[in-house]
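[1] give the three-dimensional model of this entry:
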Amino acid sequence: MEDTMAHLDQRRAELLRRRLTGEDFTAIARELDYADAAEAAADFADALAATDPLEPLARHEADQRSLDELQYAIWDLATTGDLDAISTALAISDSRSRRLGLDAPARLESAGPAVDPAAVTAAELDELLALIEDPPI
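    As a prediction, the model looks like this:
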């Protein structure tokens, strides 16, 4: 029993290593005696779920590689005008942008100190409004 568990742990470690170096699931399944690529992919997902949550880099790299493979698989069709493939490519691109934080709104920061609107006097308000109407150059 211990030998079987040790073998499975070694196989899973090898699965993670190979996948994180970019090898596809079909080749991994063939080399590591998985029934098929889907079984290797499922074991990979389980292995990632079991990894230390403080290791986000491994998860991030694996996630990006998966998106790369998906995009590569449909790219030829998308570039020849297949509308379904184009939609899929755009969805993959959107997913990648969200995961990388590229779609995060820009953070705006105040150029001056915080102002309590209730504490602003009428004279200060007039001065601020004058600046808006006639901005300094």
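[2] stretch 27-46: end-to-end distance?
    One end of stretch 27-46 to the other measures 19 Å (C-alpha to C-alpha, to the nearest Å).
[3] which outside residues touch it?
    Around stretch 27-46, the neighbours that count as contacts under C-beta atoms under 8 Å, 6 or more residues apart in numbering are 11, 12, 14, 15, 16, 18, 19, 24, 25, 26, 62. No exception for glycine: its C-beta is placed from N, CA and C like everyone else's.
[4] mind listing what's buried in that stretch?
    For stretch 27-46, burial by neighbour count (16 or more other C-beta atoms under 10 Å) applies to 28, 29, 32, 34, 40, 41, 43, 44.
[5] hmm, back to that, from the contacts of stretch 27-46, which single one is nearest residue 126?
    Proximity of those to residue 126, judged by C-beta to C-beta, is greatest for residue 62, which lies at 59.1 Å.
[6] quick one on the thing from earlier: I'd like to know which of the contacts of stretch 27-46 are buried.
    Among the contacts of stretch 27-46, those classed as buried by 16+ other C-beta under 10 Å are 11, 12, 15, 16, 18, 19, 25, 62.
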